[in-house]
Every structure is written in C-alpha cells, then in structure tokens.
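[1] coords below, sequence missing:
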DNA sequence: TCAAATAGGGATAAATTTATCCCTATTGCC
DNA sequence: GGCAATAGGGATAAATTTATCCCTATTTGA
C-alpha cells in the first residue's frame, strides 16, 4: 500500500472534502451505489473505463472514510455488497447537484475540454 | 506542457465536471476568487500550501476551461487579476454547498482522514 | 545599490495515482 | 474437464500531477 510522504492540507471544509472525494472515480462510485448498483461487478459494468483494481482501491478508501460499508455474504461464488453509510448518504444531494450542473452545461463543457485536448486525440 | 496519453471519460455530467474541477487546488482557487482575492499573489497567500508554480498551472487550466478570465494591467510592477466568468459563477453555489458540508462534518472528516494516515505523520 | 514585490515560464525531480498483469478459490454449466 | 463469473490482492509499470529550482524584468523603498 502506498504511504503518503506529504501531509494533507486540512485547513477548511473544502480541504477536508477534497481528502475524501479526491479520486478519479469516487464520486461516480458513490452515485452508482446510491442508484442501487451494490456489487463490485455491477459497479465495474457501470464504470467500464475504470479497471477492476482501481475500483477496489477506491472502494477501500471510501470504506476507510466511513462513506460506504462492505458486506460479505458467505456464499460461493463470493458475493459482496457495498452500501452508503448514513454519513455517505448526506453527500448524495451534493453529488446530485454536481451531476445536474454537468448535464446542464454539457455542450459547453465538452467543447472546452476537447479544445484543450484536440491536439492529443 | 504535459500532453495526455489517455482519453478522458466524457460519458455523463459527472465525468465532465471532473475534467474541469479535478485538480488539487482548483475549487479553492475558484472560491477565493469569488471572495475577491483576485491577484495571483493574494491567492498564493490564501493558499500557502500550494506552490506558485502549481497555482499558475491550475489558473491556466481554469482559464482554458472558461471558468475564469485573466486581465493584465500594463503597469510596473506587473498586475494581473483573475475574475470568474459568468460560467464560472454558476459553480459558486455548488462550491459553497460542498464547503458547508465539509464544515458541518469537520470533526468526523478530520478523524477518518487522520485515522488512515496516522502511521505516516 | 540591494532587497522585496510583482507575474510567470522552462526544465526536471519527486510524489501520487492509475493501469497492467498475474495469482488465489469455488460453483455451475456445456 | 475446461471456461466464465465471482471477489480481491501483490508487484510493478506507466501516466499524471505537484514540487523544486532557477531565470527574466521593473519599480519602489530602505
């Protein structure tokens, strides 16, 4: 496991949120769990651009940060479900607002993002 | 300048938001500009944990993404001001909500973040 | 006259995050 | 019997992001 060398900034609310939500897929993971995609394999299908490995890593961090719980069912083949904690649920309205903002400004966002990258792909 | 090798995911609103807000200091930069800290040197004083260099880099990206404008005053010593664009201003309510959530859950966030890192520092 | 403030960029190193690859185990299905 | 689905972890490479260091220029003030 990677061990940090630089202490995080924890000065204000925004810093703290950054520490737990900063991760390429974390917000989407929380959203899809909220939508009822509870099992790792379902999440992977919903987020095909993320590798299985990185989903596991980020789920583990979300769990450590008490935003989700992990339940293991002792069956074979293995079955695991993630659920939002009450704490995690309090983030849903925020994530929803962010998603709505992104959807509303979709065309513009797509344009400015591609403009910056157009030489690349 | 760094050129990306992997195409970004641009499937949904959340993906798009991620592309423009993902950056260690971007949200805080937007917030402080909103608060009236318009000049690079002021921003640096507000965010001492970020280096001058990385602030410049992230401000440039925010400008490319049309969230802020950069105004150069032809005076000496140089004076530059950043302002939110109308587009950028539409993000402020979201950022405010995020900050409030972080402030409200400050103790808990601090605890879970430090728990994960306690072996490190 | 020298230091500090002002703004910013290039080159490179370091830190961090993601991706790739491979391995474990069990059950049901063809 | 072999293959897919299930869940996940270790080791390592690659990608990406941040940090460090140094350089340009000008004016004001000590």
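    Thanks, I have the structure now. The structure presented is a predicted model; accordingly, all values stated were derived computationally and were not measured.
[2] Are stretch A:51-70 and DNA strand D in contact anywhere?
    Yes - looking at stretch A:51-70 against DNA strand D by C-beta under 7 Å from any atom of the strand, the contacts come from A:52, A:53, A:56, A:59, A:60, A:70. Where you see a C-beta, it was placed from the backbone N, CA and C, and this is true even at glycine.
[3] buried residues in that stretch?
    A:55, A:57, A:58, A:59, A:61, A:62, A:65, A:66, A:67, A:68 (16 or more other C-beta atoms under 10 Å in any protein chain shown).
[4] In three-state terms, label the second one for me.
    When the structure is split into helix, strand and coil by DSSP: H, G, I helix; E, B strand; the rest coil, residue A:57 lands in helix.
[5] Tell me the confidence at it?
    The model reports residue A:57 with a pLDDT of 93.
[6] wait, residue A:83 sits on residue A:63?
    No - using C-beta atoms under 8 Å as the test, residue A:83 is too far from residue A:63 to be in contact (10.4 Å).
[7] okay, and the common contacts of these two?
    Where contact means C-beta atoms under 8 Å, 6 or more residues apart in numbering or on different chains, the residues bridging residue A:83 and residue A:63 through contact with each are residue A:69.
[8] Residue A:80 and DNA strand C, how far apart?
    12 Å (C-beta to the nearest atom of the strand, to the nearest Å).
[9] Any part of stretch A:17-28 near chain B?
    Yes - judged by C-beta under 8 Å from any C-beta of the partner chain, stretch A:17-28 comes into contact with chain B at A:17, A:18, A:19, A:20, A:22, A:24, A:27, A:28.
[10] near DNA strand C, which of the residues you listed show up?
    Near DNA strand C, by the rule C-beta under 7 Å from any atom of the strand, you find A:22, A:24 out of these.
[11] And the residues of stretch A:17-28 next to chain B, which two are furthest apart?
    A:19 and A:28 (17.8 Å; C-beta to C-beta).
[12] ok, so what distance separates the most centrally placed residue in chain A from residue A:85?
    The structure's chain A has its C-alpha centroid closest to residue A:26; by C-alpha atoms, centre = their mean the separation is 1.4 Å. Using C-beta to C-beta, to the nearest Å, we find residue A:26 at a distance of 14 Å from residue A:85.
[13] Could you do residue A:19 as well?
    Distance of residue A:19 to residue A:85, given as C-beta to C-beta: 17 Å.
[14] Wait, a helix at residue A:72?
    No - using three-state DSSP, the secondary structure at residue A:72 is strand, not a helix.
[15] if we can go back for a sec, okay but the residue nearest to the centre of chain A is in contact with residue A:62, surely?
    Yes - applying C-beta under 8 Å, one finds residue A:26 in contact with residue A:62, separated by 6.3 Å.
[16] any common contacting residues for the two?
    Applying C-beta under 8 Å, 6+ apart, one finds that residue A:26 and residue A:62 are jointly contacted by residue A:20.
[17] circling back: relative to residue B:44, which of the residues of stretch A:51-70 next to DNA strand D is nearest.
    Proximity of the residues of stretch A:51-70 next to DNA strand D to residue B:44 (C-beta to C-beta) peaks at residue A:60, which lies at 34.8 Å.
[18] That concludes my questions; thank you for your assistance.
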